[in-house]
Structure formats: structure tokens, C-alpha cells
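K.L.:
Below is the structure, and that's it, no one-letter string:
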């Protein structure tokens, strides 16, 4: 497998994954930003997403829990810049993206890619509140995670 060096490489690699494997890798991306999460239901949803043997009913229940919280916290986005609340919202959005059932997917969407972008948004929001700069970018961490995931397959 070639090294993933940029978003083009990442997207190409993600396109090779089955829907279930997109879900698992997308959940890994969401778990990578779990520190910004404030809701236990979202944390449990991410854990369900990580389970390759989760039943469709379990995945749908987890999707609904994450989606409900993402919808609830959406109104915090755009308010008087509570950046950590917005980061929390994007963690839920990343989980929702990873767990999206087939019925809500289009051919052009990729669960893992959408989760990756939402996770990056969580980090960007949190950085507005953090006093220390981050070591390495979220994108670089995702490239490494995807390489490891693909190598383990």
C-alpha cells in the first residue's frame, strides 16, 4: 500500500473500503477527537461504530443517538463563539457521518471521509480556545490512522 500523504491519497484509499469498513474507520476518526465530546450517548455511538460486527439495528440506534445530539448542538454553532461547544457538536457530527445507514447515503458520499472532515472541524474549533498549538495536524493523524487501518486488513 502506498503512503497517504495528502487528502487526495486519503480519499482514494477510503473509496476502496466497504460500507462497514468506512464506518469503522470513520468511527476511529471520531474517536480521535472524543476529548471534545460532552455527551455519553455520542461516546457509546462511536464505540458501536468501531465494532465491525455491530448489527444493522445497533448501528442505526447509534446513528440516531449521535444525530439527535448533533442536531441539538447545531444551534450552538454560530452563537457567541463558544468554541468548545462547537467542537462538541462536530464530534457528534463525525460520529453521525460514520454511522449513517445505507438508506441515507448517496453514491458520492463516503462515511469515513465525511467523518474525517467533521473531526477536523472539531479540532479547528477547539484550537480557538487552546493556549498551546497542536503537535501535528488532524489531517496527518488521519493519514496515519488510515494507513494503519488499511495495513491491518
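P.N.:
Happy to help now that I have it. Not measured: the values here are computed from a predicted model.
K.L.:
Break down the chain into its helices, ranges please.
P.N.:
Ranges of helices in the chain, per DSSP state H, are 7-14, 19-31, 40-50, 56-74, 83-99, 111-127, 138-152.
K.L.:
May I see those organised as TSV, with distance to residue 105 and mean pLDDT added?
P.N.:
Any C-beta I mention is one placed from the backbone N, CA and C, and that applies to glycine too. Output for these, formatted as TSV (distance: least, C-beta to C-beta, whole Å; pLDDT from 0 to 100):
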stretch	distance to residue 105	mean pLDDT
helix 7-14	13	96
helix 19-31	8	97
helix 40-50	14	98
helix 56-74	11	95
helix 83-99	10	95
helix 111-127	7	96
helix 138-152	19	95
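K.L.:
which of those helices is buried the deepest?
P.N.:
Of all the helices of the chain, helix 83-99 carries the top mean neighbour count, a mean of 27, counting by mean count of other C-beta atoms under 10 Å.
K.L.:
Hey, what's the angle from that one to helix 40-50? Just curious.
P.N.:
30 degrees (axes from the mean of the first three to the mean of the last three C-alpha atoms, to 10 degrees).
K.L.:
Quick one: list the elements packing against helix 83-99.
P.N.:
helix 19-31, helix 40-50, helix 56-74, helix 111-127 (3 or more C-beta pairs under 8 Å, 6 or more residues apart in numbering; DSSP states H and E).
K.L.:
So for residue 148, which of the ones you listed sits nearest?
P.N.:
helix 19-31 (9.1 Å; C-beta to C-beta).
K.L.:
Can you tell me which helices and strands the closest one packs against?
P.N.:
So helix 19-31, by 3+ C-beta pairs under 8 Å, 6+ apart, packs with helix 40-50, helix 83-99, helix 111-127, helix 138-152.
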